[in-house]
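Peer 1: Build me a model from this:
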Amino acid sequence: MASTAARPSRVAKLPPRERILDAAEELFRSEGIRRVGVQAIAERAETTKMAIYRHFETKDALVAEWLRIVAAEYQAAFDQVEAAYPDRPREQILGLARFIAEGLPDVSYRGCPFINSLAELPDRSHPARRVIEEHKARQTRRLVAMCTAAGLADPGQAAAEITFVLEGAQVSTQNGSIDRTGERLLRIVEGIVDRHRSPGDGGTGGADAR
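Peer 2: Got it, this is the predicted structure:
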């Protein structure tokens with residue numbers, strides 16, 4: 001939902017439901033889920049609590065819908081690298097790493113929305129947690145498929161290692177424990193991909209031969 005337009009003029013043009021989601025995103029990211037009440041969202045969206053409940057049955061449903069939108073943005077990154085590097089799965093994997101690396105400056109001051117939300121929602125039955133878990137499972141399946149297409153010897157293990165690095169980089173950026181996180185992230189992911197190449201691959205990574 002990011003835009004270069006000034007927020008008041010941009011939000012004024014949005015339909016009511018999108019205006020509510022925009023306000024919720026701003027507040028959830030900056031103040032956290034638990035601290036933000038429905039009244040605060042209504043004021044931010046220049047609407048009423050009654051209007052919010054017309055679109056979302058509960059605050060939990062609003063949180064879940066916000067996270068679905070965030071998850072869709074991450075899934076779109078998979079689509080984009082697949083379109084940018086057709087039949088070049090190694091470059092697709094590295095493209096995903098660049099997507100995460102480029103987003104680290106935002107993580108440094110706002111935090112990862114998934115990590116932050118999980119910390120605030122300990123109940124595993126919460127609808128927002130289910131959204132996150134389904135998103136992560138789908139993300140893992142797509143990454144394993146890329147590793148398989150790249151001809152890596154153990155696609156599941158390679159995908160697990162890459163996931164640890166991508167998510168760890170976000171945590172380390174958020175807590176400030178590691179410097180040059182994006183640069184290190186890209187180097188480590190490339191090393192994982194190269195280390196998992198199948199014998200006889202010739203250094204190209206399966207379908208990435210060129």
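Peer 1: can you pull the contacts of R29?
Peer 2: Contact analysis of R29 by Cβ atoms under 8 Å, 6 or more residues apart in numbering lists 110-111, 113, 116. The C-beta positions use only the backbone N, C-alpha and C, and glycine is treated the same way.
Peer 1: Just the buried subset of the residues you listed, please.
Peer 2: 111, 113, 116 (16 or more other Cβ atoms under 10 Å).
Peer 1: Between those, which sits nearest L62?
Peer 2: When the buried ones among the contacts of R29 are compared for distance to L62 (Cβ to Cβ), P113 wins out at 13.9 Å.
Peer 1: Tell me, what's the model's pLDDT at the closest one?
Peer 2: You'll see P113 listed with a pLDDT of 91.
Peer 1: coming back round to it: looking at the contacts of R29, spot the one nearest G156.
Peer 2: Nearest to G156 among these, with distances taken as Cβ to Cβ, is P113, at 26.4 Å.
Peer 1: Can you list the low-confidence ranges for the protein?
Peer 2: 1-13, 108-109, 198-210 (pLDDT under 70).
Peer 1: Now do the helices in it.
Peer 2: 7-12, 16-31, 38-45, 49-55, 59-84, 89-110, 113-120, 127-149, 155-175, 181-195 (DSSP state H).
Peer 1: So which elements touch the third one?
Peer 2: Using 3 or more Cβ pairs under 8 Å, 6 or more residues apart in numbering; DSSP states H and E as the contact criterion, the secondary-structure elements in contact with helix 38-45 are helix 16-31, helix 49-55, helix 59-84.
Peer 1: Before I go, just wanted to say thanks for your time.
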